[in-house]
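Student: Structure for this input, please:
(one chain, ligands or ions: 1)
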Amino acid sequence: MQFIPFELERWQSKWEHRVSFNLSESGVHALTIAELLAITDTDHDELDEVRLGYSQADGTDELRAVIASLYPGASADNVIVTVGSSEANFVATWTLVEPGDHVAILSPLYRQTWGLAQNFGATVSTFDLRPELGWEPDPADIARAIVPGTKLVVVTNPNNPTGHVLSNTTRAEILACTEAAGAWLLADEVYAGAELSGETTATFWGSYEKAIAVHGLSKAYGLPGLRIGWIVAPANFKESLWSRHDYTVIGPSAPSDFLATRALLARDKILDRTRSILNENYPILNSWLQRLGTAVKWWEPDCGAISFVQYQRDIASLDLAQRVLSEYDILLEPGEHFGFERSIRFGYGNETREFKQALDVLGPAMVKYLMD
Ligand SMILES: Cc1ncc(COP(=O)(O)O)c(C=O)c1O
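Tutor: Numbering: from 1, shown residues only. Okay, the predicted model is just below:
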């Protein structure tokens, strides 16, 4: 069986700390420990007291309780804390997918589950978000992809790379097909809380007995370095997930669990910070893109520090990103990594002054490759 590497992650991991400007990131610029302690009113002495032993493997009771409070009808028994939402997606897919299974996945999306499902021996069908439908899928495509016997359906909502939040009609359509197929639904909701409007996207948790929700602190909370994610799942299924988690990482780190608890207790303040970065930077990106005229097309994202931009010119997105990297020292995320050509995902969650500088440097590159 051919192993499918996770191209997007390798591209970012290789370059993100080595470029002058990183516009490939999908979250807002991260908080420092000092900023996190200040925003959560935590005394540094409290952090100093955290013992560096093994922490509770499925997350401390306090952290799981505060996570559960964000999900209607959930208790701490429904929650497992993971090392990033990456581990959450990994253990969920590993638990559910066996060789020969069929998995239906929304596309484009962060291709972790797409690659993993195939690496675990499943066949994958996609149902596509269509730009001409304002990044909604066609209901006929949903019905074609989620066939009887489908084991797992995966959505990322809010979506990465488009920043789109699914309409209620589409949610209902996906749920109806998933229930009819008797499939599990894995909803990766890691961008929820980073809506520009301030209206938090409803979770899929609770909408169906086989729906599980994945989230974490990396995007909406600006805390990717804590490596804290979680899954909310039916209590007996949580136990199955934990059996896999015993093999992956054992448990989250104690300082991360402590800081994550404080962050979630100060959730409103942290999400306010995120939204103010997004609402300050998106207009800057928008007017910069307008200067590229008809060479590009884009849709205002509902959520996340990401804007998925389509271009006319016949140049492969990876080729474009590689040229921009080598000539301008700027990291972009090529659409190829989402299976969607002639497009670039721009991250716009950087510190505002740095973001403007990056766009100043990037402008001539866009003129050279997309307009001249
Ligand atoms: C949709 C989605 N899920 C999961 C992840 C993994 O994030 P982390 O492991 O940092 O929580 C990402 C990262 O970009 C993502 O975009």
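
Student: can you give me phi and psi for residue 158?
Tutor: Main-chain torsions, residue 158, degrees, to the nearest 10: phi -60, psi 150.

Student: Neighbours of the residue of the stretch 1-150 of the chain at minimum distance from the ligand, how many?
Tutor: Of all residues in the stretch 1-150 of the chain, residue 84 sits closest to the ligand, at 2.6 Å by CB to the nearest ligand atom. Glycine gets a C-beta too; all of them are placed from N, C-alpha and C. Using other CB atoms under 10 Å, residue 84 is surrounded by 21 other residues.

Student: What of residue 100?
Tutor: 9.

Student: which ones are touching residue 100?
Tutor: 121-123 (CB atoms under 8 Å, 6 or more residues apart in numbering).

Student: From these, pick the one nearest residue 191.
Tutor: For the contacts of residue 100, the residue nearest residue 191 by CB to CB is residue 122; the value is 24.9 Å.

Student: ok, now how distant is the closest one from residue 183?
Tutor: 12 Å (CB to CB, to the nearest Å).

Student: Give me the more crowded residue out of these two.
Tutor: For residue 122 and residue 183, the more surrounded residue by other CB under 10 Å is residue 183, and the numbers stand at 25 against 22.

Student: my guess is that one meets residue 155, correct?
Tutor: No. Using CB atoms under 8 Å, residue 183 is not in contact with residue 155, being 11.7 Å away.

Student: Assign residue 344 to one of the three secondary structure states.
Tutor: With DSSP: H, G, I helix; E, B strand; the rest coil as the basis, residue 344 sits in strand.

Student: Contact residues of the stretch 51-200 of the chain facing the ligand?
Tutor: 84-86, 89, 110, 156, 160, 188, 190 (CB under 6 Å from any ligand atom).

Student: can you list those in a markdown table and add pLDDT and secondary structure?
Tutor: Supplementary listing: these in a markdown table, determined by pLDDT from 0 to 100; DSSP: H, G, I helix; E, B strand; the rest coil:
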| residue | pLDDT | secondary structure |
| --- | --- | --- |
| 84 | 98 | helix |
| 85 | 98 | helix |
| 86 | 98 | helix |
| 89 | 98 | helix |
| 110 | 97 | coil |
| 156 | 98 | strand |
| 160 | 98 | coil |
| 188 | 98 | strand |
| 190 | 98 | coil |
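
Student: pLDDT weak spots in the stretch 151-300 of the chain?
Tutor: Judged against pLDDT under 70, the stretch 151-300 of the chain has no low-scoring part.

Student: how about the helices of it, start to end?
Tutor: Counting by DSSP state H, counting those that start in this stretch, the segments of the stretch 151-300 of the chain that form helices are 168-181, 235-248, 254-265, 267-290.

Student: Which elements pack onto the shortest one?
Tutor: Secondary structure elements in contact with helix 254-265, counted by 3 or more CB pairs under 8 Å, 6 or more residues apart in numbering; DSSP states H and E, are helix 33-39, helix 44-48, helix 61-68, strand 228-232.
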